[in-house]
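Asker: Would you be able to build a 3D model of this:
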Amino acid sequence: MLEYLPVLVILGGLGAMAYFMIKSGKDADQKRKTAAEEKGWQYENDLSPVVVSTPDDERNISYRLAGKTEQGVNWKVTCRHLKKIDKGGDLKVELLPSTEFEADKVCGYSFLIMAHEGITLPDFVLAEIFKKLKFPVDTPRLAANLLPDQVSGHCAVYSETSEAADLAAKVAQHLTVWRNKYSGKGNELVLLGDPQGIKVRTERGMEKAEEMIYFTEIALNLSQVF
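Answerer: Next up is the predicted model:
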């Protein structure tokens, strides 16, 4: 029996670790649910079942939110966490975290505003971002001299029209508030609008209840600018 003791200790440790991870996840979920209910938002969780037939892009969802603004605009939020899926053999898929807000608010022209830390992104990175957002990859970037001073150093604006520069000035305050709290690579905020609606996205999973509220309220504020 003693020779099995190390194995039993390891198994016990793994079991305890799994228990606390599950408990921690349930506690975080309950806090998010309570916070959402206090705000009057609809909350859904447990949307990532371990089922092979479930599409990959549905297997790392932490939660969804939904609601309607006072102006009657429907909106929703989808938060995703990091997840690695073993497909068998050497094939592995890594699903990355993100949080995305979408609202059914029509824009008269297409634009994309990306908050950044003064770094020029390589073309292949931009192409990947545009692909995720379903935004035309050949959309030109507005020259910095067309943008207000409070925007040009921290935002890149992509659009076929210079009207997007005026819009960037209106959202600058909200983007600055976000940047002051969540600075650094991977935390940037992206704002997109077109005739289909608007999106606000960050490649960061806003998992905690306070993060969920902060992101959603920033996105709702941005949606009121149009």
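Asker: okay, CA-based contacts and neighbour counts for the rest of this
Answerer: Will do.
Asker: Helices along the protein, start to end?
Answerer: 5-39, 123-133, 149-152, 163-181, 209-223 (DSSP state H).
Asker: separation between the spatially most central residue of the chain and Arg80?
Answerer: Relative to the mean C-alpha position of the chain, the nearest C-alpha, by Cα atoms, centre = their mean, is the one of Thr99, at 1.8 Å. As judged by Cα to Cα, to the nearest Å, Thr99 and Arg80 stand 6 Å apart.
Asker: And for Ala172?
Answerer: 26 Å.
Asker: Which one's more surrounded, those two?
Answerer: Between Ala172 and Arg80, Arg80 has the larger neighbour count (other Cα atoms under 10 Å), namely 25 against 21.
Asker: quick revisit: looking at the helices of the chain, which is nearest to His116?
Answerer: For His116, the closest of the helices of the chain is helix 163-181, at 8.4 Å, according to Cα to Cα.
Asker: which outside residues touch that closest one?
Answerer: 111, 113, 115, 142, 146-148, 150-151, 157-158, 188-189, 218, 221-222, 225-226 (Cα atoms under 8 Å, 6 or more residues apart in numbering).
Asker: Among those, which are located in strands?
Answerer: Phe111, Ile113, Ala115, Val157, Tyr158, Leu189 (DSSP state E).
Asker: Mark which of the residues you listed are buried, thanks.
Answerer: Burial of these was assessed by neighbour count (16 or more other Cα atoms under 10 Å); the buried members are Phe111, Ile113, Ala115, Val157, Tyr158, Leu189.
Asker: quick revisit: pipe the ones in strands among the contacts of helix 163-181 into JSON lines and attach distance to Leu126 and pLDDT per row.
Answerer: Converted to JSON lines, the ones in strands among the contacts of helix 163-181 look like this (distance: Cα to Cα, whole Å; pLDDT from 0 to 100):
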{"residue": "Phe111", "distance to Leu126": "14", "pLDDT": "94"}
{"residue": "Ile113", "distance to Leu126": "12", "pLDDT": "93"}
{"residue": "Ala115", "distance to Leu126": "13", "pLDDT": "78"}
{"residue": "Val157", "distance to Leu126": "12", "pLDDT": "93"}
{"residue": "Tyr158", "distance to Leu126": "11", "pLDDT": "94"}
{"residue": "Leu189", "distance to Leu126": "14", "pLDDT": "91"}
